[in-house]
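Novice: predicted model follows, preceded by the sequence.
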2 protein chains.
Amino acid sequence: MKQIPGGICAAKGFTASGVHCGIRKNKTKKDLALILSEKKAAAACVYTTNLVKGAPITVTKNNVADGYAQAVICNSGNANTCNANGIEIAEEMCALISKELNISASDIIVASTGVIGQTLDITPIAEGIPALAKELKADTNDAAEAIMTTDTVPKVISYSFEIGGKECKIGGIAKGSGMIHPNMATMLVFVTTDCAISPAMLQKALSADVKDSFNMVSVDGDTSTNDMVSVMANGMAGNEEITAEGADFDEFCKALNAVTTYLCRMIAGDGEGATKLLECIVTGAASKEIAVTVSKSVICSSLFKAAMFGADANWGRVLCAIGYSGADVDVNKIDVSFKSVAGQVDVCVNGAGIDFSEDIAKEVLTEKEIQVLIDLKSGDASATAWGCDLTYDYVKINGDYRT
Amino acid sequence: MKQIPGGICAAKGFTASGVHCGIRKNKTKKDLALILSEKKAAAACVYTTNLVKGAPITVTKNNVADGYAQAVICNSGNANTCNANGIEIAEEMCALISKELNISASDIIVASTGVIGQTLDITPIAEGIPALAKELKADTNDAAEAIMTTDTVPKVISYSFEIGGKECKIGGIAKGSGMIHPNMATMLVFVTTDCAISPAMLQKALSADVKDSFNMVSVDGDTSTNDMVSVMANGMAGNEEITAEGADFDEFCKALNAVTTYLCRMIAGDGEGATKLLECIVTGAASKEIAVTVSKSVICSSLFKAAMFGADANWGRVLCAIGYSGADVDVNKIDVSFKSVAGQVDVCVNGAGIDFSEDIAKEVLTEKEIQVLIDLKSGDASATAWGCDLTYDYVKINGDYRT
């Protein structure tokens, strides 16, 4: 497996585009994205667990119920959620794409992201779609840009891998910056691959993957109403279709995980106002569940996040977050270290503080990517969660988001 | 029942004091507090549920196991938690007070608040105790000041009430500003009363009370390792001792709740960096549990808190927080309004947005105390939770707390 250029257009038969159609006021911001597969593709999705669900979620669920899709249409600037006519508008978006591209409206994944509770006007979308279709290209990041809201960078990755002697490619884009605390699903992520895999196995791969990838990311503890991860696999790589578990399936899962883990790290590191990517690696847990609970509790602690912003080695906040996590741990066994490219500093052994150099700790914590290593010394299970620091800019961005 | 001056010294037989002994570097900050009852008092406590518990919690639990106490000793500046010799130090604090005041060491409630994981030096405490004993007065706020950490104001209240024709008094002090997300217990709160009530009924009253008071406050979602609420009742009001449920017990519970609710509002409004007290009132819930879950989820949402800081009527974030709370609600029935002394603005009816004046909303949300009213229209249960906005100063305070 190796990283390659191309993003969501890396896989054979996929093109994409992004334009500014007028949903967002700022004309320099693209707000409408399209991804198209030349052939109908196996499709799998996971969705937000929030009871308040965006209308596009309902429409997409219905459209991919048969396991197939051919295109993704996504707008930013308005979440199309908590509106009287949300379903109608989401269906209209599919109908317009269907007509423009001459594909079935029921093969379209539709997604929206932005402010909740305002009517989404179909007019700019209808007017923008011809340009969107015309712009479809096999080498573009425009779609990744058009799904951004408060993101500061587009999030794109692609890899090639081999299945049964055939080269396959997989690529993904993501948006996500605030309201990031997925639970069995996540922010907006669109993955494309030319690997041949059945809809059932594709869903199996995705559902397993999100447990260790997107469900382990938290920016602010708020689970969005519009989270969605979708994968389209159009089979154009020519490998023998994966229809069961085995070496080929494992190879595909590995490639999928490379894409999703990369995007997770990008989402966490680009959290609203973030200056640092925080990675919490828990080892020595008695069970996977305990490792997950502990790593997420630490990554979600506002006090820990603020301390990391200040490069303050306040490990008491790590212990505190472990203690209130609800996980059954022996607090008198816990070791904690901070690590970055600048080095590693051990700060807590067997649940109690040890002497360490504040100067070295400051150097370690001033880097852009910080690992907090927690060894529970009670078993073999482990988990990794990603998050970001809590900064002045998070408050600024969210103090007046709508205007 | 009426509000009276006096705080924790309002009740007969209670004196208190606070001094700077040298745990905190800043000499203008008091860091050692004492509360003394002339007679041994019935005592009840609730404690943090964090698995990582401060050493003083362990020692206090042991000391009040018999239902009685006579004094409280509390230091700020160091939490005496995650240290090798924490228990020893906490016991030494009790022994020093015992000797100085000639009371039993096992009748002392000991508490500490401040940074975790640093050894608490007994020397300044030992040196400060004679002055602390000498300063004991019946009209002082020094103890309330000495338990403050990042608090900006001392938190004090007292009421008088009547039981069986006898005037009783009750007063309380609290500290709590960050790491505030109690669960079955809370920050540091010391309540004193001269009402005669048995230890068992006092514990019953307190345990019931915290469910609707301190367990409904959240500043940042972090449950402290050192939370404690204690009540001492010395019986000096001369009423017939309350030993069972009934009108007298109800009257006492009402007075206790007046004290705790007042302190809750003060703690939330003085949350680290807070500019506003947020009160989330949920009505029409199918069960009390649902009302509690919904109100706490809203008050804990970082996005909602940041929006309130910006006086932004972004009710979508209220709906979102209800949706991911885990409570079983019909999202299509929910009404949401914002209210303050400046007026009320309805923003959401039956789960969808309605037209409202952004100008009026801004006026309502620019006040210091904001109510968010949520009607689930599915039953008769209700709950109120308190919190505060998320501001630049929260990040500033916690970005470099230790230095």
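Specialist: Arrived safely. Since we're looking at a predicted model, the values are computed, not measured.
Novice: gap between the closest residue to residue A:340 other than its chain neighbours and residue A:70?
Specialist: Computed as CB to CB, 6 or more residues apart in numbering or on different chains, the closest residue to residue A:340 that is not its neighbour in sequence is residue A:367, at 3.8 Å. (C-beta placed from N, C-alpha, C; glycine too.) Here the criterion is CB to CB, to the nearest Å. By it, residue A:367 lies 44 Å from residue A:70.
Novice: neighbour count: those two, which is higher?
Specialist: Neighbours were counted for residue A:367 and for residue A:70 using other CB atoms under 10 Å in any protein chain shown; residue A:70 has more, 23 against 17.
Novice: what's the domain layout of chain A?
Specialist: Listed domain ranges for chain A are A:2-269, A:277-399 (source: automatic domain parsing).
Novice: OK, contacts around residue A:169?
Specialist: When contacts are counted by CB atoms under 8 Å, 6 or more residues apart in numbering or on different chains, residue A:169 is found next to A:4, A:6, A:10-12, A:158-161, A:193-195, A:237.
Novice: ugh, typo on my part, it should be residue A:347
Specialist: A:313, A:315, A:336-338, A:353-354, A:356, A:361 are the contacts of residue A:347 under CB under 8 Å, 6+ apart.
Novice: try 10 Å this time
Specialist: A:313-316, A:318-319, A:335-338, A:353-356, A:361, A:372, B:117 (CB atoms under 10 Å, 6 or more residues apart in numbering or on different chains).
Novice: let's see which of these end up in helices.
Specialist: Among the contacts of residue A:347, DSSP state H puts A:316, A:318-319, A:361 in helices.
Novice: lowest-confidence member of the residues you listed, which is it?
Specialist: Within the set of the ones in helices among the contacts of residue A:347, pLDDT is lowest for residue A:316 (87).
Novice: which residues does that residue contact?
Specialist: Counted by CB under 10 Å, 6+ apart, residue A:316 has contacts A:303-304, A:307, A:336, A:347-348, A:353, B:52, B:79, B:81-82, B:114-118, B:179, B:225, B:401-402.
Novice: quick one: buried ones out of the contacts of residue A:347?
Specialist: By neighbour count, with 16 or more other CB atoms under 10 Å in any protein chain shown, these hold A:313-316, A:318-319, A:335-338, A:353, A:356, A:361, A:372, B:117 as buried.
Novice: go through those and name the one nearest residue B:259.
Specialist: Distance to residue B:259, by CB to CB, is smallest for residue A:316 among the buried ones among the contacts of residue A:347, at 30.4 Å.
Novice: surely residue A:254 meets residue A:161?
Specialist: Yes: using CB atoms under 10 Å, residue A:254 is in contact with residue A:161, at 7.3 Å.
Novice: what do these two both touch?
Specialist: Common neighbours of residue A:254 and residue A:161 (CB under 10 Å, 6+ apart) are residue A:1.
Novice: what's the pLDDT at residue A:331?
Specialist: So residue A:331 comes in at 90 (pLDDT).
Novice: quick one: mean pLDDT over the longest helix anywhere in chain A.
Specialist: Ranked by residue count, the top helix of chain A under DSSP H comes out as helix A:247-269. Mean pLDDT, helix A:247-269: 90.
Novice: cool, stretch A:363-377 as well?
Specialist: 96.
Novice: pretty sure residue A:92 is in a helix, no?
Specialist: Yes: counting by DSSP: H, G, I helix; E, B strand; the rest coil, residue A:92 falls inside a helix.
Novice: before we move on, back to that, looking at the buried ones among the contacts of residue A:347, which is nearest residue A:64?
Specialist: Using CB to CB, the buried ones among the contacts of residue A:347 come closest to residue A:64 at residue A:372, 37.7 Å.
Novice: show me what that closest one is bridged to.
Specialist: Under DSSP bridges, the beta-bridge partners of residue A:372 are residue A:280, residue A:338.
Novice: so it makes contact with residue A:297?
Specialist: No: counting by CB under 10 Å, residue A:372 does not reach residue A:297; the two are 11.7 Å apart.
Novice: which residues are in contact with both of those two?
Specialist: A:280, A:282, A:304, A:318, A:385.
Novice: farthest pair within these?
Specialist: A:282 and A:304 (13.7 Å).
Novice: what's the overlap in contacts for these two?
Specialist: With CB under 10 Å, 6+ apart, residue A:282 and residue A:304 have common neighbours A:297-298, A:372.
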